[in-house]
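Chemist: Sequence first, predicted coordinates after that:
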Amino acid sequence: MKADFFKDKVIIVTGGGSGLGAALVRKFARFGARVTIIDNTTDAVKKIVMELALEKISHVPDYRILDVADDIVFCDALDEIKKTQGVLDIMVNNAGTLIAGEVRDMDSKMFRTITNINLMGVVNGSLAAFKIMARQGHGMIVNISSISGLIASPLYSAYSMTKHAVIGFSKALREEGRSLGVDVMVICPGTLRTGIFEAGKVVNASKDRVFKESYLSSISAEVAASKIIDAFDANRCITVFPAYARIMWLLEKFHPSLLKPLHQKVIKNFRVHRSN
């Protein structure tokens with residue numbers, strides 16, 4: 001069923017050169033989809049393309065190297081893909097970055113940096129894809145948020161801010177697309193073992209020490225990608241996984257005070273590692 005659904009579909013994945021994006025690219029391509037990777041790192045993308053080419057799959061992924069925060073270049077790329085392929089079936093806005101630390105150690109430039117990628121990158125991709133899909137009368141937009149977009153995430157204030165915004169934007173867009181044949185889903189995974197931690201930044205503390213605890217309940221990019229593939233069948237507005245993330249979401253909605261001790265523990269542990 002999955003192979004039949006994705007076979008020959010035209011799919012774009014941003015941030016497809018590593019982590020969750022790369023795992024999705026591999027799965028889509030092996031199901032026979034016509035995938036285009038959008039990323040800002042050429043070497044990583046070429047490695048994935050070569051890997052899949054050696055498997056002799058039906059359609060070797062194409063790629064575009066660009067910054068998702070550049071709305072003009074991003075929009076032009078989607079228009080070109082649509083013109084070349086004739087259709088755009090699925091848009092996955094996955095590209096993201098991470099800046100962690102206490103707000104008292106951060107400045108507005110850091111918030112703008114993460115907003116340009118995590119939020120405006122999603123907005124840019126969604127706007128361009130939505131207009132194409134509305135004209136053709138069908139399509140699906142999948143925006144990757146996080147459990148940090150559903151619950152308060154101290155020390156990840158900038159990241160959490162953008163992920164909350166992605167959810168609000170996606171929910172509104174889903175309603176607008178309902179009568180136009182355009183479906184919109186937003187995915188909210190818990191902690192993933194992906195390159196976002198290696199590439200991320202921690203302000204005023206050791207990155208290795210701070211992120212070490214984040215791996216305790218993490219899942220692999222491959223497992224997360226499988227969960228997202230399964231979500232296409234249900235087509236829910238919001239998909240949350242794994243189980244602990246769903247539990248935290250429910251607690252945030254109905255008993256938020258129960259999460260306060262956890263938040264305070266996280267902050268206390270972080271402050272042990274602060275530089276000053």
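Modeler: Here it is on my side, so go on. Numbering: from 1, shown residues only.

Chemist: Just give the number of residues close to Thr194.
Modeler: Using other CB atoms under 10 Å, the number of residues around Thr194 comes to 24. All C-beta spots, glycine's among them, are computed from the backbone N, C-alpha and C.

Chemist: residues touching the spatially closest residue to it that is not a sequence neighbour, list them.
Modeler: With sequence-adjacent residues excluded and distances taken as CB to CB, 6 or more residues apart in numbering, Thr194 is closest to Gly19, at 3.1 Å. Gly19 makes contact with 192, 194-196, 221 under the criterion CB atoms under 8 Å, 6 or more residues apart in numbering.

Chemist: Span of stretch 129-143 from start to end?
Modeler: 12 Å (CA to CA, to the nearest Å).

Chemist: Buried ones in it, by neighbour count?
Modeler: 129-130, 132-134, 136, 139-143 (16 or more other CB atoms under 10 Å).

Chemist: Can you show me the helices along the stretch 51-200 of the chain?
Modeler: 71-85, 108-114, 120-136, 157-177, 196-199 (DSSP state H, counting those that start in this stretch).

Chemist: For the longest one, which residues meet the burial criterion?
Modeler: It refers to helix 157-177. Those would be 157-167, 169-170, 173-174, 177, for helix 157-177 by 16+ other CB under 10 Å.

Chemist: quick one: which of the contacts of Gly19 has the most company?
Modeler: Thr194 (24 neighbours).

Chemist: Wait, that residue touches Ser18, no?
Modeler: Yes - between Thr194 and Ser18 a contact is recorded at 7.1 Å, counting by CB atoms under 8 Å.

Chemist: Okay, now stretch 99-106: how far is its last residue from its first?
Modeler: 9 Å.

Chemist: dump the residue contacts of Val166.
Modeler: Going by CB under 8 Å, 6+ apart, Val166 touches 118-119, 122, 143-145, 149, 186.

Chemist: at 6 Å instead, please
Modeler: Contact analysis of Val166 by CB atoms under 6 Å, 6 or more residues apart in numbering lists 122, 143, 145, 149.

Chemist: what's the answer for Gly177, then?
Modeler: So Gly177 contacts Val184 (CB under 6 Å, 6+ apart).

Chemist: Could you measure from it over to Met133?
Modeler: As judged by CB to CB, to the nearest Å, Gly177 and Met133 stand 8 Å apart.

Chemist: same question, Ala23
Modeler: Ala23 is 24 Å from Met133, by CB to CB.

Chemist: least trustworthy helix or strand in this protein by mean pLDDT?
Modeler: helix 207-212 (a mean of 66; mean pLDDT, DSSP states H and E).

Chemist: moving C-terminal of that one, what's the next helix or strand?
Modeler: As assigned by DSSP states H and E, the chain's next helix or strand after helix 207-212 is strand 219-220.

Chemist: Give me the residues contacting that following strand.
Modeler: Residues outside strand 219-220 that contact it (CB under 6 Å, 6+ apart) are 193, 242.

Chemist: tell me the mean pLDDT over that strand?
Modeler: Strand 219-220 carries an average pLDDT of 92.

Chemist: So what are the sheet partners of it and their directions?
Modeler: Each strand paired with strand 219-220, and its direction, by DSSP bridges: strand 192-193 (parallel).

Chemist: Where does pLDDT dip in the stretch 51-200 of the chain?
Modeler: Applying pLDDT under 70 to the stretch 51-200 of the chain flags the ranges 197.

Chemist: same thing but 90
Modeler: 152-153, 191-200 (pLDDT under 90).

Chemist: rewinding a little: could I get the contacts of Gly19 in JSON lines, plus columns for distance to Ser108?
Modeler: Converted to JSON lines, these look like this (distance: CB to CB, whole Å):
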{"residue": "Leu192", "distance to Ser108": "28"}
{"residue": "Thr194", "distance to Ser108": "27"}
{"residue": "Gly195", "distance to Ser108": "26"}
{"residue": "Ile196", "distance to Ser108": "22"}
{"residue": "Ala221", "distance to Ser108": "31"}
